[in-house]
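**Q** Fold the following.
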Amino acid sequence: MNIEVNNKLGLCLSGGGFRASFYHVGVLAKMAELGILKHVEVISTVSGGSIVGAAYYLLLKELLESKPDIGDNNEPGLQDSDYVEIVEKLEHHFLAAVQKNLRMRTFYSPWKNLKMLLPSYSRSDTIGELYDKYIYSPLIDVGDRPIGMRDLIIKPKGVPADKFHPRDKVFGNQSRTHKVPVLVLNATSLNSGHNWCFTASWMGEMPPRNNFFRDMDKKDRYRRVYYTEIESRKEKDFKLGKAVAASAGVPVLFPPLAISNLYLNRRVELVDGGVFDNQGIAGVLCPGLDQLCSDFIVSDASGQSDATDNPKTDFLNVLMNTNSILTSRVREEMVNSTKESYPEHVAYIHLTRGLFAKNIEFNNKPSKDEPSPKMKADIVSCKEEFDVDEDMQWAMSKIRTDLDSFTDIEAGCLQADGYQMSESRLLKLPEIYQSKRKLKGKWGFETYIKKISHKDELTHKHLEVGSNMFFKPLFHLFKSTLNLRQYFTLILVSLPVLALLAVIFYGIDYGVQQYFNISVWRIITDQATFSQFVSDIAPIIYGLIITFVISIVASKMVKGCGKWVTLIRKSIQSPVSLVVGFVMRFLLPVIFSIPIRLYLSTIDKYLINSIGKNGSDQKNQRV
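**A** Numbers count the residues shown, from 1 in each chain. You can find the predicted model right below:
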């Protein structure tokens, strides 16, 4: 096999929840129209990019296995229009799946909530199963089982069985017009802090990129392993939904996803790939594997922190802000390094393109609302470059990076934005990637292109509401986005959920009062009761803290007492962990699974089917 890395195009789809997913769909749509998708040889994805990237890959697999690379008199070959068609299908299917509200559905099943008491199953496993059920399984038939990573192996039509390899000169991509890309789903290993990759053939950590990294990084490296080499049946048949859940496992929101029985006496714990590299660039820069590229398209819809006039200095805010600063710094360095190394070979598309930062004046001088000429230097406004209003662009860049339901308006605007923004960047790539004949797809987001260009006021308000992770129906009630009928209908459909929550709260308060003589309601509403409650539990908290402090000092100062210190800690931690784990991982999720079911069938359904539809079709009378 001869290896040659020459004019090899890589596509990077960033993290950023479903906001990023929909933005990437718009970029894919423009790539399909320009005839660029057929040239992509590596697709490196992170988090929200992995969710939509895996769906696109399944559609691409079906296409490449159904038509030969080049047709003849007996059978037509692949055409640019085929790529437009699969992105059209992706657009409609993905929106319908997202509107099932996958994040909320992780609390949907009482049985799954009970199963989460086991150390081998978590909410990350649940959302992986939901990805498979609603997004991936409808796209490909593998029988009555979840889709495995090995099911993603593409066997292109017209190539002898088991002969295809991307780097093979005879049967590989070098001889093909329509390339067969490698899909790389990126996660982060908590064990080593390295990038963990899932492909159709193997999983594990990539080797160091060069000798500099090899010399600098002395952490253990978990060797990549081909699925055919794995002895454990569970890991050999690793599920696609589980791999995507690992790549999109936002820390805190989802617990780490574990891989056991792969390395001796070690359990791999994986979190969101964005912790290591939220743009997926590392996945297209690895030499010696199938991922080393010469040209790059980076679609970046990741979440970015805002500048703050007067930052809060409490522990939690400082921790969150410093982590956000570090993430932004990694993003800037990864993108800048790639652009400087390949100056004519990177199409970088991001959500704040064409917007301007402001200089803040010193000596207590008031700052101008407009950016200074220096901040505008070499930057073309989004309105001039790709015909999107600045206020609309700012609003889209602030949309939540979540995994809940997205409305037609939110999804349509993000797709239209990626579609409009990407063309000028893509056309600057080498000409070998451009098709002479430009196509035009039938896109569902077409109606939103004009809205984001001319700042449709109602659409802008919907996008502003979309920045909120929680209580979006409540913001719609007070943001003047509803007509009178919608206003009163939303109140009516909310009543059953509110009534059920009130009953549940009453039941909890009654039960706690009967067994512990504590009124939750009075603790919340009465200052004296709250003060007495804090006073009553203070000795217990102080006792636990003092015990832990003494155990830590003893373990450091007194030789040979380590095992006794461990026993003391476990005797304290075990019952506390058991009670907290039972309440937080089972009892409350089981109780609240009922109102969640009701919410999805009432408020969320109305939000999707009425409020979130095309705003121009609604009556003008607002409240």
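**Q** So residue 270 belongs to a strand, correct?
**A** Yes. Assigned with DSSP: H, G, I helix; E, B strand; the rest coil, residue 270 falls within a strand.
**Q** you'd agree it is up against residue 189?
**A** Yes. Between residue 270 and residue 189 a contact is recorded at 6.1 Å, counting by C-beta atoms under 8 Å. Every residue, glycine included, has its C-beta placed from N, CA and C.
**Q** anything in contact with each of these two?
**A** Listed as contacting both residue 270 and residue 189 by C-beta atoms under 8 Å, 6 or more residues apart in numbering are residue 196.
**Q** any weak-confidence spans in the stretch 401-550 of the chain?
**A** Applying pLDDT under 70 to the stretch 401-550 of the chain flags the ranges 548.
**Q** Okay, helices next: where are they in it?
**A** For the stretch 401-550 of the chain, the helices defined by DSSP state H, counting those that start in this stretch occupy 408-426, 447-454, 457-465, 472-478, 484-516, 520-525, 527-557.
**Q** which other helices and strands contact the fifth one?
**A** Judged by 3 or more C-beta pairs under 8 Å, 6 or more residues apart in numbering; DSSP states H and E, the packing partners of helix 484-516 are helix 472-478, helix 520-525, helix 588-601, helix 603-606.
**Q** Check which helices and strands the third one sits against.
**A** What it means is helix 588-601. Helix 588-601 makes packing contacts with helix 102-105, helix 110-115, helix 484-516 when contacts are defined by 3+ C-beta pairs under 8 Å, 6+ apart.
**Q** now with 10 Å?
**A** helix 102-105, helix 110-115, helix 484-516, helix 603-606 (3 or more C-beta pairs under 10 Å, 6 or more residues apart in numbering; DSSP states H and E).
**Q** Specify the angle between that helix and helix 484-516 in degrees.
**A** Angle of helix 588-601 versus helix 484-516, following axes from the mean of the first three to the mean of the last three C-alpha atoms, to 10 degrees, is 170 degrees.
**Q** Tell me the spacing between residue 385 and residue 414.
**A** Here residue 385 is placed at a distance of 18 Å from residue 414 (C-beta to C-beta, to the nearest Å).
**Q** Between these two, point out the one with more neighbours.
**A** Taking other C-beta atoms under 10 Å, residue 385 and residue 414 do not tie; residue 414 has more neighbours (30 against 16).
**Q** shouldn't that one be in contact with residue 19?
**A** Yes. If you go by C-beta atoms under 10 Å, residue 414 and residue 19 touch, sitting 6.2 Å apart.
**Q** any residues in contact with both of those two?
**A** Common contacts of residue 414 and residue 19 (C-beta atoms under 10 Å, 6 or more residues apart in numbering): 301, 351, 396, 399, 406, 466.
**Q** Now do the contacts for the fifth one.
**A** With contact set as C-beta under 10 Å, 6+ apart, residue 406 has these partners: 17-19, 21-22, 94-95, 98-99, 101, 399-400, 412, 414, 466, 608, 612.
**Q** between the helices and strands packed on helix 588-601, which gets nearest to residue 587?
**A** helix 110-115 (8.8 Å; C-beta to C-beta).
**Q** The closest one: which residues count as buried?
**A** For helix 110-115, a neighbour-count test (16 or more other C-beta atoms under 10 Å) marks 112, 113, 115 as buried.
**Q** what residues does it touch?
**A** Helix 110-115 is contacted from outside by 105-107, 109, 121-123, 125-126, 129-130, 585-594, 597, using C-beta under 10 Å, 6+ apart.
**Q** Can you name the residues that contact residue 407?
**A** Taking C-beta under 10 Å, 6+ apart, one finds 95, 98-99, 413, 462-463, 465-466, 472, 607-615 in contact with residue 407.
**Q** again, only using 7 Å
**A** Contact analysis of residue 407 by C-beta atoms under 7 Å, 6 or more residues apart in numbering lists 607, 608, 612.
**Q** Can I get those in CSV including neighbour count?
**A** Output for these, formatted as CSV (neighbours: other C-beta atoms under 10 Å):
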residue, neighbour count
607, 21
608, 21
612, 24
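**Q** Which positions in stretch 385-393 come out as buried?
**A** Buried residues in stretch 385-393, counting neighbours by 16+ other C-beta under 10 Å, are found at 385, 386, 388, 389, 392, 393.
**Q** and what of stretch 470-480?
**A** Of the residues in stretch 470-480, 472, 473, 475, 476, 477 count as buried by neighbour count, 16+ other C-beta under 10 Å.
**Q** Please state the offset of that stretch from the chain centre?
**A** 24 Å (C-alpha atoms, centre = their mean, to the nearest Å).
**Q** Export the helices and strands packed on helix 484-516 as a markdown table, with columns for distance to residue 240.
**A** Output for those, formatted as a markdown table (distance: least, C-beta to C-beta, whole Å):
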| stretch | distance to residue 240 |
| --- | --- |
| helix 472-478 | 30 |
| helix 520-525 | 43 |
| helix 588-601 | 25 |
| helix 603-606 | 26 |
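**Q** and of those helices, who's closest to residue 451?
**A** Closest among the helices and strands packed on helix 484-516, using C-beta to C-beta: helix 472-478, at 17.7 Å.
**Q** returning to that earlier point: can I get the helices and strands packed on helix 588-601 in CSV with distance to residue 60?
**A** Listed next are the helices and strands packed on helix 588-601 as CSV, based on distance: least, C-beta to C-beta, whole Å:
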stretch, distance to residue 60
helix 102-105, 23
helix 110-115, 31
helix 484-516, 40
helix 603-606, 31
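**Q** re earlier: closest one of the contacts of residue 407 to residue 432?
**A** Minimum separation from residue 432 among the contacts of residue 407 (C-beta to C-beta) is found for residue 612, which lies at 41.4 Å.
**Q** give me phi/psi at that closest one?
**A** Main-chain torsions, residue 612, degrees, to the nearest 10: phi -90, psi 10.
**Q** Right, I'll call it a day here.
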